[in-house]
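Enquirer: Turn this into a structure:
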Amino acid sequence: MIQSRMQNWFLIAALLLACVSLAFLAVGLVSLRNRRALGTISGTLLALLLLSLAALFAVLSVATQGYRALTLEQVAAVVRIEPIGPQSFSAAFRFPDGHQAVFTLSGDELYVDAHILKWKPIVNILGLHTAYELDRVAGRYRLLADEQAKARTVFALSQPKPLDLFELRQRYAALAPLLDAEYGSATFIAATKPAELELRVSISGLLIRPVPAGLQ
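Expert: Numbering: from 1, shown residues only. A predicted model of the protein is given here:
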């Protein structure tokens, strides 16, 4: 899978900061050998600070795995719906990177949700912009009584990862200076007849549209 631009940037930044921190650590050791207390303390403190930043960027690199950079509006997947019985249908997803997945769902409607990450303007300068990751697909019943009583079908669309930036931001306030907002977005559409749809994501959230005539 092609890594996102921001994931690569975080990894490069982590490596550069780690190298610079080692240089300052070497300066601190030289000062210690020459018995220069001020040089030792300042070099060591700078090394620790840069090493901490390197660790932060390394964590962000891992945590952003699976997220895609978002500019204006783009197709996150093409979905083909096929009814297979009363309140039952299949949803075949085709993603931009070429991989496909098929889900058998119960309900009257197709439901999809996603995680959206919006970066602060100061981070935009570095080339990092709004990012998204599709999270789940489910069948949705039109009637509340059916939703409460009938079978529920929910499947993951996101890729397994050791860390998730969406969860890290909710857990740690220290990431607030980097991220302007983190929120979920969802959309649903009737699945009672065959259809080919574009699942699109914009900076305002998810939406579903029929595939334009001539592209089906």
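Enquirer: what domains does the record give for the chain?
Expert: In terms of domains, the chain is parsed into 5-63, 68-210 (source: automatic domain parsing).
Enquirer: Which of the ones you listed has the lowest mean pLDDT?
Expert: Comparing mean pLDDT across those, the lowest value falls on domain 5-63: a mean of 58.
Enquirer: wait, P194 sits on I84?
Expert: No - with contacts counted by C-beta atoms under 8 Å, P194 stays clear of I84, the gap being 10.6 Å. For the C-beta atoms, the positions are set from N, CA and C on the backbone; glycine is no exception.
Enquirer: So which residues of this protein form helices?
Expert: 5-33, 37-63, 121-124, 144-149, 165-171 (DSSP state H).
Enquirer: neighbours around Q159, how many?
Expert: Q159: 11 surrounding residues under other C-beta atoms under 10 Å.
Enquirer: and the closest residue to R94 other than its chain neighbours, what is it in contact with?
Expert: Closest residue to R94 apart from its sequence neighbours, by C-beta to C-beta, 6 or more residues apart in numbering: V78 at 4.6 Å. Shown in contact with V78 (C-beta atoms under 8 Å, 6 or more residues apart in numbering): F93, R94, E196, L197, E198, L199, V211.
Enquirer: From those, which land in strands?
Expert: Using DSSP state E, the subset of the contacts of V78 located in strands is F93, R94, E196, L197, E198, L199.
Enquirer: who's the fourth one bridged to?
Expert: To tie it back to what came earlier, the one meant is L197. V79, P210 (DSSP bridges).
Enquirer: circling back to that earlier point, relative to S158, which of the contacts of V78 is nearest.
Expert: Each of the contacts of V78 was checked against S158 using C-beta to C-beta; the closest is F93, at 12.6 Å.
Enquirer: Now A114: closest residue in space, sequence neighbours ignored.
Expert: L134 (4.9 Å).
Enquirer: give the contact list for that neighbour.
Expert: With C-beta under 8 Å, 6+ apart, L134 has these contacts: A76, A77, V112, D113, A114, L157, S158, L199.
Enquirer: Which pair of the residues you listed spans the longest distance?
Expert: Farthest pair in the contacts of L134 (C-beta to C-beta) is S158 and L199. Separation: 14.1 Å.
Enquirer: The two - which one has more neighbours?
Expert: More neighbours surround L199 than the other of S158 and L199, with 24 against 15 (other C-beta under 10 Å).
Enquirer: so who does the more buried one touch?
Expert: Applying C-beta under 8 Å, 6+ apart to L199 gives the contacts V75, A76, A77, V78, V79, F93, V112, L134, T187, L206, I208.
Enquirer: In ChimeraX, how would I select just the buried ones from the residues you listed?
Expert: Of the contacts of L199, the buried ones go into a single ChimeraX selection, burial set by 16 or more other C-beta atoms under 10 Å:
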select :76,77,78,79,93,112,134,187,206,208
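Enquirer: with the contacts of L199 in mind, which one is nearest to R171?
Expert: Nearest member of those to R171, counting by C-beta to C-beta, is L134, at 21.6 Å.
Enquirer: Can you report how many residues lie near the closest residue to A190 other than its chain neighbours?
Expert: Nearest non-adjacent residue to A190, counting by C-beta to C-beta, 6+ apart: E109, 5.5 Å away. Using other C-beta under 10 Å, E109 is surrounded by 19 other residues.
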